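Engineer: Provided below are the primary sequence and the corresponding predicted coordinates.
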Amino acid sequence: MQPEPITPALFAQALDKLRSKRGPQPAFDLLRLEPLHEGLSVQIMHLGPYIEEPATLERMRTYAAANGYRLRNDHHEIYLSDPRRTAPGKLKTVLRHPVLMEN
């Protein structure tokens, strides 16, 4: 999620600058800036190592089912911590899963 002032042109400029500083990196070709229209979603803040996310995702599934929602598509993650600088037990990740209201 990027603030509105981040335009495709600004994104491309930043990526070019990064390439000039770091040289060619295969991951750079995977970066993209695109809108995400997910609609109604369930969301939770996962605290802890990434390997423990499945239990948190299960809590989301349980919550959704208990409240009349059906999960749709895949969940996505918003990383709020840098794993290179943060202890695994202190990592913060927003887990968000689009849902549909059951009839």
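Structural biologist: Great, that's in hand.
Engineer: What is the burial count for residue 71?
Structural biologist: Burial of residue 71 is recorded as 17 neighbouring residues (other C-beta atoms under 10 Å). All C-beta spots, glycine's among them, are computed from the backbone N, C-alpha and C.
Engineer: residue contacts, it?
Structural biologist: 42, 60, 61, 64, 97, 98, 99 (C-beta atoms under 8 Å, 6 or more residues apart in numbering).
Engineer: Excluding chain neighbours, what is closest to the third one?
Structural biologist: What it means is residue 61. Spatial nearest neighbour of residue 61, excluding adjacent residues (C-beta to C-beta, 6 or more residues apart in numbering): residue 71 at 6.5 Å.
Engineer: ok, now the fifth one?
Structural biologist: For residue 97, the nearest residue in space outside its immediate sequence neighbours is residue 75; the separation is 3.9 Å by C-beta to C-beta, 6+ apart.
Engineer: correct me, but the one you found touches residue 94?
Structural biologist: No: if you go by C-beta atoms under 8 Å, residue 75 and residue 94 don't touch, sitting 10.2 Å apart.
Engineer: Compare the two (neighbour count), which wins?
Structural biologist: Taking neighbours as other C-beta under 10 Å, residue 75 and residue 94 compare with residue 75 leading, 18 against 14.
Engineer: what helix or strand is residue 33 on?
Structural biologist: Under the criterion DSSP states H and E, no helix or strand holds residue 33.
Engineer: Tell me which residues touch it, please.
Structural biologist: Going by C-beta under 8 Å, 6+ apart, residue 33 touches 2, 6, 8, 11.
Engineer: Could you do residue 2 as well?
Structural biologist: Residue 2 touches 11, 33, counting by C-beta under 8 Å, 6+ apart.
Engineer: ok so, going back, closest one to residue 82 out of the contacts of residue 33, please.
Structural biologist: residue 2 (17.0 Å; C-beta to C-beta).
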